[in-house]
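# return a 3D structure for these sequence lines:
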Amino acid sequence: MTCAEFKELVDALALDALDPDERAMARAHLAETIPHEGCAEALARAEAVAGRLSGALIDTRPPDRVWPRIEASISGAPRRRWSTAAGWAVAAAASVAAVILAGRSARLRNELESMRAQTASSDDLARQCLAQLESARRTNALAREAIAVLEQRGSRVVQFAPQGGFAGTALAAVSPDRRRTILLSTTLFPGPARDYQLWVIPPGPGAAPVPAGLLVPAEGVALGDFQAAALARGAAALAVSAEPKGGSPTGAPTQVVLVAALGG
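Reported below is the predicted structural model:
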């Protein structure tokens with residue numbers, strides 16, 4: 001999701017009028033550690049307006065004589081005409097709202113379905129991991145530990161999504177209790193002036209990414225062991241950033257290149 005697409009949905013998000021998939025994508029975009037184009041500010045303005053809507057009208061008790069007169073004026077046939085007209089008005093308003101929301105979210109729904117179609121099955125991802133680790137397992141202890149994680153009952157593999165047109169890819173083996181996570185990639189190799197850094201994004205709105213170590217080269221694969229201390233608070237997502245040699249100079253990701261959501 002881009003910032004422009006997020007802003008198209010921000011009013012509906014503030015009114016809780018998005019479907020669960022759209023809401024999740026919007027919240028995930030807001031949590032991304034990228035240079036946003038005023039997304040948080042746009043949501044704050046929309047939420048402020050939404051909060052004022054409930055107080056826009058002052059509750060006032062009408063005089064006792066009002067309701068009997070209203071009932072008398074709409075009794076019989078006129079009442080039926082009023083009910084019909086009111087029903088058409090409500091239906092028309094609902095249709096307009098549905099068209100607006102559908103138009104705003106069509107691109108995002110298509111994007112979500114495309115992402116789902118491209119996601120490999122868990123078994124396929126596990127086979128990819130084992131194939132990538134085959135050469136390194138003989139000489140690298142971390143590669144052997146990654147295989148041990150994969151062999152645990154209830155473990156899983158998550159696939160990272162490239163960010164901002166980045167061409168690299170990565171997988172991560174996650175233990176059943178989420179206390180051990182090891183990344184492997186055949187494309188993310190450190191260079192003379194560049195490192196790739198691991199990050200854990202804890203649960204909760206606005207949670208800051210926690211640095212979790214650097215990728216190191218092995219035989220035919222780059223490996224990253226997410227530090228246990230970074231995983232201790234839990235993890236809503238994992239990320240990889242491109243950094244100057246030695247890691248982030250600021251304590252925050254310089255350029256996020258890969259992200260993987262862990263879900264529930």
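
# report how many residues lie close to Lys7.
Using other C-beta atoms under 10 Å, Lys7 is surrounded by 16 other residues. For the C-beta atoms, the positions are set from N, CA and C on the backbone; glycine is no exception.

# backbone phi and psi for it, please?
phi -70, psi -30 (degrees, to the nearest 10).

# what confidence value was assigned to it?
Lys7 is assigned 86 on the pLDDT scale.

# relative to Val210, how far out is it?
Shown here: Lys7 relative to Val210, a distance of 28 Å by C-beta to C-beta, to the nearest Å.

# can you map out the helices along the stretch 1-150 of the chain?
In the stretch 1-150 of the chain, the helices defined using DSSP state H, counting those that start in this stretch lie at 3-14, 20-31, 39-53, 66-73, 76-118, 122-133, 141-151.

# least confident of those helices, on average?
helix 76-118 (a mean of 50).

# give the contact list for the spatially most central residue of the chain.
Computing the C-alpha centroid of the chain and ranking residues by C-alpha atoms, centre = their mean puts Ala28 first, at 2.5 Å. With contact taken as C-beta atoms under 8 Å, 6 or more residues apart in numbering, Ala28 is in contact with 1, 237, 261.

# same check, this time on Asp195
214-215, 242-247.

# dig out what it forms beta bridges with.
In this entry, Asp195 is beta-bridged to Glu243, by DSSP bridges.

# using CSV, write out every CA atom in stretch 5-25.
Taking Å, rounded to 0.1, in the frame of the first residue of the first chain, the C-alpha atoms of stretch 5-25 are listed here in CSV:
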residue,chain,number,x,y,z
GLU,A,5,-3.7,4.8,-1.2
PHE,A,6,-3.7,4.9,2.6
LYS,A,7,-5.0,8.5,2.5
GLU,A,8,-7.9,7.4,0.2
LEU,A,9,-9.0,5.1,2.9
VAL,A,10,-8.2,7.2,6.0
ASP,A,11,-11.8,8.5,6.5
ALA,A,12,-13.2,5.0,6.3
LEU,A,13,-10.5,3.7,8.6
ALA,A,14,-11.4,6.4,11.2
LEU,A,15,-15.1,5.5,11.0
ASP,A,16,-14.3,1.7,11.2
ALA,A,17,-15.9,1.2,7.8
LEU,A,18,-13.3,-1.0,6.2
ASP,A,19,-13.5,-4.7,5.9
PRO,A,20,-10.9,-6.7,8.0
ASP,A,21,-8.4,-7.2,5.2
GLU,A,22,-8.4,-3.5,4.2
ARG,A,23,-8.1,-2.5,7.9
ALA,A,24,-5.2,-4.8,8.4
MET,A,25,-3.4,-3.5,5.3
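
# still on that earlier bit, counting neighbours, which of the contacts of Ala28 comes out on top?
When neighbours are taken as other C-beta under 10 Å, the top entry among the contacts of Ala28 is Ala237 (21 neighbours).

# Leu231 is in contact with that one, correct?
No. Counting by C-beta atoms under 8 Å, Leu231 is not a contact partner of Ala237; they are 12.0 Å apart.

# shared neighbours, the two?
With C-beta under 8 Å, 6+ apart as the test, Ala237 and Leu231 both reach Val200.

# what's the per-residue pLDDT of Arg61 here?
pLDDT, read off for Arg61, is 63.

# now do Ala260
Predicted confidence (pLDDT) for Ala260: 90.

# what's the angle between the helix or strand hosting it and helix 20-31?
Per DSSP states H and E, Ala260 falls inside strand 255-261. Here the directions of strand 255-261 and helix 20-31 differ by 150 degrees (axes from the mean of the first three to the mean of the last three C-alpha atoms, to 10 degrees).

# which helices and strands does strand 255-261 pack with?
For strand 255-261, the packing partners by 3 or more C-beta pairs under 8 Å, 6 or more residues apart in numbering; DSSP states H and E come out as strand 156-159, strand 161-162, strand 237-244.
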